[in-house]
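# curious how this folds, go ahead:
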Amino acid sequence: MPKSTPADTLAWHIHARSLRYFDAIRRCDSIREAARQLHVAASAVNRQLLKLEAEVGTPLFERLASGLALTAAGEVFARHVIGVM
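Next up, the predicted model:
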């Protein structure tokens with residue numbers, strides 16, 4: 001098994017953070033509330049979500065006036081995140 005490099009470790013932490021943020025947003029239906037519960041800025045949570053959606057290649061949440069709702073792709077991704085976490 002190859003040794004992990006610092007870049008691999010960094011990528012894992014970024015991925016883990018994205019999953020944690022995604023899960024918080026999913027549970028709260030709100031970036032702002034997720035950020036409050038995670039004790040980070042809402043802009044940081046939003047950046048991670050946008051980055052994750054770019055990596056996945058599709059929106060994971062529908063942005064509504066009343067908050068956020070998972071898209072069909074978001075539902076599938078949520079099942080993955082729940083299983084991983």
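# got the contact list for residue 55?
Each residue near residue 55 by Cβ atoms under 8 Å, 6 or more residues apart in numbering is listed here: residue 18. No exception for glycine: its C-beta is placed from N, CA and C like everyone else's.
# then whatever helix or strand it lives in to CSV, C-alphas only?
Element membership of residue 55 [criterion: DSSP states H and E] is helix 42-56. The C-alpha trace of helix 42-56 is given here as CSV (Å, rounded to 0.1, in the frame of the first residue of the first chain):
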residue,chain,number,x,y,z
ALA,A,42,-21.7,31.2,6.7
SER,A,43,-19.5,32.2,3.8
ALA,A,44,-17.1,29.4,4.6
VAL,A,45,-20.0,26.9,4.6
ASN,A,46,-21.3,28.3,1.3
ARG,A,47,-17.8,28.1,-0.3
GLN,A,48,-17.5,24.4,0.7
LEU,A,49,-20.9,23.6,-0.6
LEU,A,50,-20.2,25.4,-4.0
LYS,A,51,-16.9,23.5,-4.2
LEU,A,52,-18.6,20.2,-3.4
GLU,A,53,-21.3,20.8,-6.0
ALA,A,54,-18.6,21.6,-8.6
GLU,A,55,-16.7,18.4,-7.7
VAL,A,56,-19.9,16.4,-8.0
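# may I have the helix or strand just after that helix as PDB, with CA atoms only?
Beyond helix 42-56 on the C-terminal side, the first helix or strand identified by DSSP H and E is strand 61-64. What follows is strand 61-64, C-alpha atoms only, in PDB (Å, rounded to 0.1, in the frame of the first residue of the first chain):
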ATOM      1  CA  PHE A  61     -29.600  21.700  -3.000                       C
ATOM      2  CA  GLU A  62     -32.400  23.700  -4.500                       C
ATOM      3  CA  ARG A  63     -32.200  27.300  -3.200                       C
ATOM      4  CA  LEU A  64     -35.600  28.300  -2.100                       C
END
